[in-house]
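>>> this is a predicted model, with the sequence first.
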Amino acid sequence: MKRAVGLFLLLVSLMVGLTIGYSQRAEAALVSSFDVLNFKPAVDTTRFITVYDADTHKRGEWNVGFYIDWAHHPLELGAPVGTRRVGVVDDTIVFNLIGSYGFTDWFEAGARVPVVIWNNYQGLVDLVGNRSRVQPGDLFSMGDVGVDFKLRFLDSKYVGIALVPFVTAPTGRSTTFMGAGTITGGAKLAVDFDPHERFRIGLNAGYLAKDDVTIRGARIDDMLLLGAGLNVRVHDRIDLIAEGTASTQVRDFFEREVQTPVEADGAVRIHATKNLDVTAGGGAGFTVGVGAPDFRAFLGLNYTRHKEEEAPPPRQPEIKAKKITIDQKIHFDFDKATIKKESYGILDDVANVLKANPNIKRVRIEGHTDSIGTDAYNQKLSERRANSVRDFLVSKGIDASRLEAVGYGESRPIDDNKTAAGRANNRRTEFNVIEQ
């Protein structure tokens, strides 16, 4: 825990130090400007990419990771605006270091440190088409460092809601559009929906306060921020992600294309281990808005340290009150009836109990689910899983006539389906003795 707190404080200290250091640079480097680095990955373990969901770390949990992002043609302006498109920033390659820490079960904070590996800055164009290159493209400069907070207000059966305040420091080179040139800040409302255990939908809406800046006829002021994401878990270890983001001036919603960057991205996320995720994807802008590229590619790596309670050694199955009790869950592949290898041991023990107690004539194997999904779907899934357990025990030498498999779906919960922990408790397999 101390190491995680230290990591977070290091990121924040880096942000403050860079802010102070860059503030002492030439005054021209800190003029208000456009920040074309629109790809700002969420700093925590969101199910999306730049769109936040409402989940927060548990107290003491943390994550650290990075995204490498390449954007082609993120800034094109007309001379004058609307008559001709010309490149101002042709390419950027940015390394975003991210990390966050859970201070309570409902509050977390994190930081994003963007390092601009390459900025192919072409210079501005005046009204008669002459290009004036202010300074050459950058190698290894900074973008604007940011700190994001998240406060979760609701974690119900299907819906989660959180508030995400944020602030950025003027550490980027604003004269080449790698930063806003001033402190910016705002907040987003993050709402997510879980219509099924395989799907998550996220919606973000927020406000960004920044300086009013006009360059070559393009005016950028306070912005309305919008985002939507979809995560589909197609396998235990694989997620498919799609998201769209847009922003527009608060003073005149969606009036001018250059002031309204719109982008769509897609990605595949591989859960390489319990703690390590790898994300790769890309996308494109749909407008010539500031920061919306012709196309984008990115690669991310994220390590999450989960809080794990020390569990006592598992007990052997026991026969109590006409039940064969087990203190371990029977785990199945995601959305399937295939028993995971990690559960073979406990089922072997159940088989041994039945062999040692031939007086038990008949046992009902009961499958139960949580309430995510339709009643009919959960009913069929619970039946398939109960039958899989029955088939496993038969394969271990238990007479099939002693075993009955029944699925109850979501009809017999033992905990509150409004919480993740409660839903986990409701997904269970029980062994009831019905004849001795």
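Received the coordinates, thanks. The structure presented is a predicted model; accordingly, all values stated were derived computationally and were not measured. Residues are numbered from 1 along each chain as shown.
>>> any idea how far the closest residue to residue 40 other than its chain neighbours lies from residue 269?
Once flanking residues are discounted, residue 40 sits nearest to residue 50: 5.8 Å by C-beta to C-beta, 6 or more residues apart in numbering. Just so you know, the C-beta spots here come from the backbone N, C-alpha and C atoms, and that holds for glycine as well. Using C-beta to C-beta, to the nearest Å, one gets 13 Å for the distance from residue 50 to residue 269.
>>> more neighbours: the two, which one.
Just comparing residue 50 and residue 269: by other C-beta atoms under 10 Å the higher neighbour count belongs to residue 269, 22 against 19.
>>> ok, the residue nearest to residue 40 - contacts?
Under the criterion of C-beta atoms under 8 Å, 6 or more residues apart in numbering, the contact list for residue 50 reads 39-42, 227, 243, 245, 265.
>>> for residue 225, see how far away it is.
Here the distance between residue 50 and residue 225 works out to 10 Å (C-beta to C-beta).
>>> what do these two both touch?
Each of residue 245 lies in contact with both residue 50 and residue 225 under the rule C-beta under 8 Å, 6+ apart.
>>> and the residue nearest to residue 199 when sequence neighbours are not counted, bridged to which residues?
Taking C-beta to C-beta, 6+ apart, and ignoring the residues beside it in sequence, residue 199 has residue 232 as its nearest neighbour in space, at 5.8 Å. Judged by DSSP bridges, the bridge partners of residue 232 are residue 199, residue 240.
>>> circling back: ok, the residue nearest to residue 40 to residue 373 distance?
Counting by C-beta to C-beta, the gap from residue 50 to residue 373 is 28 Å.
>>> so what's residue 335 up against?
Under the criterion of C-beta under 8 Å, 6+ apart, the contact partners of residue 335 comprise 197-198, 233, 381.
>>> which residues touch the residue nearest to residue 199?
198-199, 239-241.
>>> give me the number of residues near the closest residue to residue 42 other than its chain neighbours?
Closest residue in space to residue 42, ignoring its immediate chain neighbours: residue 52 at 5.1 Å, by C-beta to C-beta, 6+ apart. If you count neighbours by other C-beta under 10 Å, residue 52 ends up with 28.
>>> of all residues in the protein, which one is nearest the centre?
residue 46 (1.7 Å; C-alpha atoms, centre = their mean).
>>> three-state assignment of that one?
In three-state terms, and counting by DSSP: H, G, I helix; E, B strand; the rest coil, residue 46 is coil.
>>> buried residues in the host helix or strand of residue 302?
Using DSSP states H and E, residue 302 falls within strand 295-305. The neighbour-count criterion (16 or more other C-beta atoms under 10 Å) identifies 296-298, 300, 302-305 as the buried residues of strand 295-305.
>>> which of the residues you listed lies closest to residue 416?
Closest approach to residue 416 among the buried residues of strand 295-305 (C-beta to C-beta): residue 304, at 25.3 Å.
>>> what's opposite that closest one in the beta bridge?
Where residue 304 sits in a bridge, its partners, by DSSP bridges, are residue 63.
>>> now stretch 34-51: average pLDDT?
What stretch 34-51 shows for mean pLDDT is 95.
>>> ah, wrong one, I meant stretch 207-225
Rounded to a whole number, the mean pLDDT of stretch 207-225 is 88.
>>> chain center to it, what's the gap?
In terms of C-alpha atoms, centre = their mean, to the nearest Å, the centre of stretch 207-225 is found 28 Å from the chain centre.
>>> can you list contacts of that stretch?
Applying C-beta under 8 Å, 6+ apart, the external contacts of stretch 207-225 come out as 32-34, 77-81, 124-125, 180-182, 184-188, 204-206, 245-251, 253, 256, 258-259, 290.
>>> any buried residues in that stretch, and which?
Within stretch 207-225, the residues that qualify as buried are 208, 210, 213, 215-216, 218, 220-221, 223-225, counting by 16+ other C-beta under 10 Å.
>>> thought residue 397 was touching residue 355?
Yes: assessed by C-beta atoms under 8 Å, residue 397 is found in contact with residue 355 at 6.9 Å.
>>> name the SS class of the residue in the chain sticking out farthest from the centre, please.
Most distant residue from the mean C-alpha position of the chain: residue 359, 51.9 Å away (C-alpha atoms, centre = their mean). Here residue 359 takes the coil state, with states given by three-state DSSP.
>>> for it, which non-adjacent residue is spatially closest?
For residue 359, ignoring the flanking residues on the chain, the nearest one in space by C-beta to C-beta, 6+ apart is residue 436 at 5.6 Å.
>>> quick one: contacts for that neighbour?
Here residue 436 is in contact with 322, 359-361 (criterion: C-beta under 8 Å, 6+ apart).
>>> same question for residue 277.
Under the criterion of C-beta under 8 Å, 6+ apart, the contact list for residue 277 reads 45, 65, 269-271, 300-302, 304.
>>> which one of these is nearest residue 175?
Taking C-beta to C-beta as the measure, residue 175 lies nearest residue 300 of the contacts of residue 277, at 28.9 Å.
>>> got a pLDDT number for that closest one?
pLDDT at residue 300 comes out at 97.
>>> all strands of the stretch 201-350 of the chain, in order?
Counting by DSSP state E, counting those that start in this stretch, the stretch 201-350 of the chain has strands at residues 213-215, 218-220, 223-235, 238-249, 262-271, 276-285, 295-305, 318-320, 323-325.
>>> repeat for the stretch 1-150 of the chain
Across the stretch 1-150 of the chain, reading from the start of the chain, the strands by DSSP E, counting those that start in this stretch fall at 62-77, 86-102, 107-121, 124-125, 131-132, 138-142, 146-155.
>>> report the buried residues of the first one.
Yep, that's strand 62-77 we're talking about. Buried positions in strand 62-77, judged by neighbour count with 16+ other C-beta under 10 Å: 62-67, 69-77.
>>> likewise the last one?
Neighbour counts using 16+ other C-beta under 10 Å place 146-152, 155 of strand 146-155 among the buried residues.
>>> so how far is residue 281 from the residue nearest to residue 199?
With distances taken as C-beta to C-beta, residue 232 is found 14 Å from residue 281.
>>> mutual contacts of the two, please.
In contact with both residue 232 and residue 281: residue 241, using C-beta under 8 Å, 6+ apart.
>>> rewinding a little: in CSV: the strands of the stretch 201-350 of the chain, plus distance to residue 332.
Formatted as CSV, the entries for those read as follows, by distance: least, C-beta to C-beta, whole Å:
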stretch, distance to residue 332
strand 213-215, 55
strand 218-220, 51
strand 223-235, 13
strand 238-249, 17
strand 262-271, 16
strand 276-285, 22
strand 295-305, 23
strand 318-320, 23
strand 323-325, 19
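>>> which of the ones you listed has the lowest mean pLDDT?
Going by mean pLDDT, the lowest-scoring of these is strand 318-320, which has a mean of 75.
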